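In: Need the 3D shape of this:
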Amino acid sequence: MNFKNFLYGSAYYYEYLPYERLDKDIQMMKDANLNVVRIGESTWSTYEPQEGIFDFTKLDKVVDAMQKAGINVIIGTPTYAIPTWMAKKYPEVMLTDKTGKHEYGPRQVFDISNPTFRVLSERIIRKMVERTANKPNVIGFQVDNETKHFDTSSNNVYIAFQKWLKKKFNGDLDKLNHAYGLDYWSNRINSWEDFPPINSTINGSLGTAFEAFKRTLVTDFLNWQVNIVNDYKRDDQFVTNNFDMEWRKQSYGLNADSNHFEVSKAFDVTAVDIYHPTQDNLTGIEIAFVGDVARSTKDKNYIVMETEAQAFRHWVPYPGQLKLQAFSHIASGANMVSYWHWASTSNGFETYWKGLLGHDYKPNPVYNEAKTIGKELSKIGDNFLETHKNNRVAFVVSNQALSAVDWFPYKNTIFDKTGEHQYNDVLRSYYDPLYKLNVEADIRQIGDPRISNDNYDLLIVPMLYSATDEQLEQLNDFVKNGGNIVYSFRSGFSNQDVKVRTETQPAIISKAVGTEYELFVEPDRNYGTGKPAKEMTITGTDELKGIDAQPVKYWAELLTPTTGKALATYDHPYWGKYAAITENQFGKGKAFYAGSYLNEKSITELYKYILKDTNLWTARQEQTFPIINKQLVTKDNDTLDFYFNYSQEKQQVTFKSDSGKELEDSTQLSSGDTFELDPWSVKIFKSTK
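Out: Numbers count the residues shown, from 1 in each chain. So this is what the prediction gives:
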């Protein structure tokens, strides 16, 4: 999907407004050069106030008014928040999860696979899309919103899960029992009719399989909606969803309840929402991380369906930060930046999640800065269309490993299943330091055929706890054929059914990493004496001197190099003979393995060593955070260099490309020239070949 213009806009909820001001809002949007709004995704009860009774007056009014003003519209299907009459008349649609059956109130409190819900959803979707698809300013459709499986586990879900397992194991219960180890504690299933409840299972293999199955429900639900919309949409209109990530008071890591890599295959373009800290805590990391996920799903530019304007009191941006944030999205490959939302609601659950306009609906510093951004994008936005990255580094990630680690976490005790997705902690612990070194990366799902030596020189694999033999052999072949790879601890440990491999760990990847281990320990405990335990640390060898006395926390694999060598060892009276980090030449490439949870300083030092050792270190790594340098390659093969200052101090910056002309004022720079970046600011240069 190639856009004709860069899209800059907001979500707009005419239905929420406390008084009539559509014309005023449109004029303020035009003053700010906003050229797109998203509407409709939360309006089912307005457009179908009673079953089979429809009123699209407000939908028509907004679309037509936006068309007259020259503003594009994205129509959202309203299925993520159901009307009261549905819950009352059809209680079977309500969500059943681990806590039992839910009552009406919150959004997303229904079973996305329920047949009654599907029938009622299809009717409203068809009516809305048929009504709007012929409108010239409707450029696309968003199916549902922030879709996940919500732990749905009603009877129809259990029945569908059994069918899924029957297909996976060809109806052979002996194979299922063996694969999942169900003889343990008499959990063996000897008849399909005796299939047990899953929410109460103590078996991590069966529980992880249920999570994988529930993710397929999301893919099926959204594919179903896409097919409905495709019956009506024009060839020049797109269909997408709005992905959200794991939520930790901000966008954080992979979403455990939806496989975005699989879901995105049905869409014309990937859309995401991205929320992040701001003020003194603005780093741009969440913007880059979520953007890398979105761009990598389809190997092309994506759209930011939602990001923050004012939002909360701790997110109100400092002057300059709104522009810094907008161009941070663009530099990762976004072809649309849309704020959530236009005007702050006067009541409701999200009253204090504020939009571009505050509760008084008047211009304010955030809106005024958005005006300057819109004006600039109207002049230079076309430069950012049809761009791409030439990244030679990729992260290899896995929803399957994430779910398996939920069952067998590395923090606390190994028996405590946790709702905290600790896989994402490890993923971010490796992502963030690389970002700060100005190394850009793609993010690939394990098994993706694009994970190849033709595409990448370095792969980073955080805690690939559960994977197939074939997936691990793909990574071994990558190294053997000349690639380089970094594994974190607990990689390669179990197969696709979360069954621990019986070879000496790390099993299949041992030949590539050139190291083995039989013991793993948690070193920071001294239960017997009641005295504080002596801290176990990691010390780098000559090659990795930068890692000095890093404290070991959570996990330590006691590594013994076979064909490899130690880059760091444990400083401990008993475990000191073991390696903590190893390096191994395997075929034409190198594999690095870290057997413990490394802190940011240690991972940074490890990256510096690896990048230099494998000839991947460039001039861009010579200046680091708070200066961030991102690059886009245009359709004409020119390079756009974005330089960001994520700090409140003015920074002296060195231009690292051969030559470039600043987009805003045409200042010409050559490699090695210096310039200043004001606090929380950005400069963009174009280098023509």
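In: C-alpha only now, for contacts and for neighbours.
Out: OK.
In: Can you list the low-confidence ranges for the stretch 351-500 of the chain?
Out: Per-residue confidence of the stretch 351-500 of the chain (counting by pLDDT under 70) places the weak regions at 412-418.
In: just the helices in it please.
Out: When secondary structure is read from DSSP state H, counting those that start in this stretch, the stretch 351-500 of the chain shows helices at 365-380, 399-407, 422-436, 469-480.
In: Could you point out which of those sits nearest V109?
Out: Nearest to V109 among the helices of the stretch 351-500 of the chain is helix 399-407 (22.2 Å), distances taken as Cα to Cα.
In: looking at the helices of the stretch 351-500 of the chain, which is buried most?
Out: helix 399-407 (a mean of 25; mean count of other Cα atoms under 10 Å).
In: picking that back up, out of the helices of the stretch 351-500 of the chain, which comes closest to F213?
Out: By Cα to Cα (comparing all of the helices of the stretch 351-500 of the chain), the closest turns out to be helix 399-407, at 10.6 Å.
In: tell me what the closest one is packed against?
Out: The contact analysis (3 or more Cα pairs under 8 Å, 6 or more residues apart in numbering; DSSP states H and E) places helix 399-407 against helix 204-230, helix 422-436.
In: Any chance of CSV for those helices, columns distance to T270?
Out: Conversion of the helices and strands packed on helix 399-407 to CSV gives the following (distance: least, Cα to Cα, whole Å):
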stretch, distance to T270
helix 204-230, 13
helix 422-436, 21
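In: related to what we said a few turns ago, so can I have CSV of the helices of the stretch 351-500 of the chain showing distance to F210?
Out: Conversion of the helices of the stretch 351-500 of the chain to CSV gives the following (distance: least, Cα to Cα, whole Å):
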stretch, distance to F210
helix 365-380, 45
helix 399-407, 10
helix 422-436, 18
helix 469-480, 21
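In: Go through those and name the closest to F349.
Out: Closest among the helices of the stretch 351-500 of the chain, using Cα to Cα: helix 365-380, at 22.3 Å.
In: What are the contacting residues of that closest one?
Out: 6, 8, 31-34, 309-310, 317, 319-320, 322-323, 326, 356-357, 663 (Cα atoms under 8 Å, 6 or more residues apart in numbering).
In: Tell me the buried residues within the residues you listed.
Out: Of all these considered here, the ones buried according to neighbour count by 16 or more other Cα atoms under 10 Å are 6, 8, 32-34, 309-310, 317, 320, 322-323, 326, 356-357, 663.
In: rewinding a little: quick check: which of the helices of the stretch 351-500 of the chain is nearest to A579?
Out: Ranking these by their distance to A579 (criterion: Cα to Cα) puts helix 422-436 first, at 19.8 Å.
In: Give me the helices and strands touching the closest one, please.
Out: In terms of contacts (3+ Cα pairs under 8 Å, 6+ apart), helix 422-436 is packed against helix 285-298, helix 399-407, helix 600-613.
In: So G381 sits against N5, correct?
Out: Yes - the pair formed by G381 and N5 meets the contact definition of Cα atoms under 8 Å, at 7.2 Å.
In: Now do stretch 468-487: distance from first to last residue.
Out: Start to finish, the residues bounding stretch 468-487 are 16 Å apart (Cα to Cα, to the nearest Å).
In: Now do the contacts for K298.
Out: Going by Cα under 8 Å, 6+ apart, the list of residues near K298 reads 264-265, 269-270.
In: at 10 Å instead, please
Out: Residues near K298 by Cα atoms under 10 Å, 6 or more residues apart in numbering: 261, 264-265, 267-270.
In: May I ask which two of these are separated the most?
Out: The distance between the two most remote of the contacts of K298 (Cα to Cα) is 13.3 Å, for F261 and D268.
In: ok so, going back, for the contacts of K298, which ChimeraX command selects only the ones that are buried?
Out: For the buried members of the contacts of K298, the matching ChimeraX selection, counting by 16+ other Cα under 10 Å, is:
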select :261,264,267,268,269,270
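In: As CSV, the contacts of K298 with pLDDT and secondary structure would be great.
Out: Below are these laid out as CSV (pLDDT from 0 to 100; DSSP: H, G, I helix; E, B strand; the rest coil):
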residue, pLDDT, secondary structure
F261, 97, helix
S264, 97, helix
K265, 97, helix
F267, 98, coil
D268, 97, coil
V269, 98, coil
T270, 98, coil
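In: Tell me, domain by domain, which residues of this protein belong where.
Out: Taking automatic domain parsing as the criterion, the chain consists of the domains 1-7+15-32+247-385, 155-208, 393-617, 623-687.
In: If you average pLDDT per helix and strand, which one of this structure comes out bottom?
Out: Using mean pLDDT, DSSP states H and E, strand 659-662 stands out as the lowest-scoring helix or strand of the chain, at a mean of 88.
In: Just the C-alphas of that strand, formatted as PDB.
Out: What follows is the C-alpha trace of strand 659-662 in PDB, where atoms were taken according to Å, rounded to 0.1, in the frame of the first residue of the first chain:
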ATOM      1  CA  SER A 659      27.400  14.500   2.500                       C
ATOM      2  CA  GLY A 660      23.900  15.800   3.100                       C
ATOM      3  CA  LYS A 661      21.600  18.800   2.800                       C
ATOM      4  CA  GLU A 662      19.200  19.700   5.600                       C
END
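In: Strands - which of the contacts of helix 365-380 land there?
Out: Applying DSSP state E to the contacts of helix 365-380, the entries found in strands are Y8.
In: Tell me how many other residues crowd A160.
Out: Taking other Cα atoms under 10 Å as the neighbour definition, A160 ends up with a count of 15.
In: Repeat that for the one 5 residues further on.
Out: L165 is surrounded by 18 other residues when neighbours are defined as other Cα under 10 Å.
In: looking at this, it is in a strand?
Out: No - assignment of L165 by DSSP: H, G, I helix; E, B strand; the rest coil gives helix, placing it outside any strand.
In: what sits against it?
Out: Contacts here follow Cα under 10 Å, 6+ apart; on that basis L165 touches 171-173, 176, 206, 209-210, 213.
In: if I look at the residue lying closest to I627 once chain neighbours are set aside, how far off is D220?
Out: Using Cα to Cα, 6 or more residues apart in numbering and skipping residues adjacent in sequence, the residue nearest I627 is N645, 5.0 Å away. Applying Cα to Cα, one obtains 42 Å for the distance of N645 from D220.
In: go on, E246?
Out: 21 Å.
In: Same check on A311?
Out: 33 Å.
In: cool, and Y158?
Out: Using Cα to Cα, we find Y158 at a distance of 16 Å from D220.
In: Please tabulate the contacts of K298 in JSON lines and include distance to N584 as additional columns.
Out: Supplementary listing: these in JSON lines, determined by distance: Cα to Cα, whole Å:
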{"residue": "F261", "distance to N584": "31"}
{"residue": "S264", "distance to N584": "36"}
{"residue": "K265", "distance to N584": "37"}
{"residue": "F267", "distance to N584": "41"}
{"residue": "D268", "distance to N584": "42"}
{"residue": "V269", "distance to N584": "40"}
{"residue": "T270", "distance to N584": "38"}
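In: of all the contacts of K298, which comes closest to R234?
Out: Ranked by distance to R234 (Cα to Cα), the contacts of K298 are led by D268 at 12.4 Å.
In: Check the contact between the closest one and K233; I expect there is one.
Out: No - no contact is recorded between D268 and K233 when judged using Cα atoms under 10 Å, the distance being 11.9 Å.
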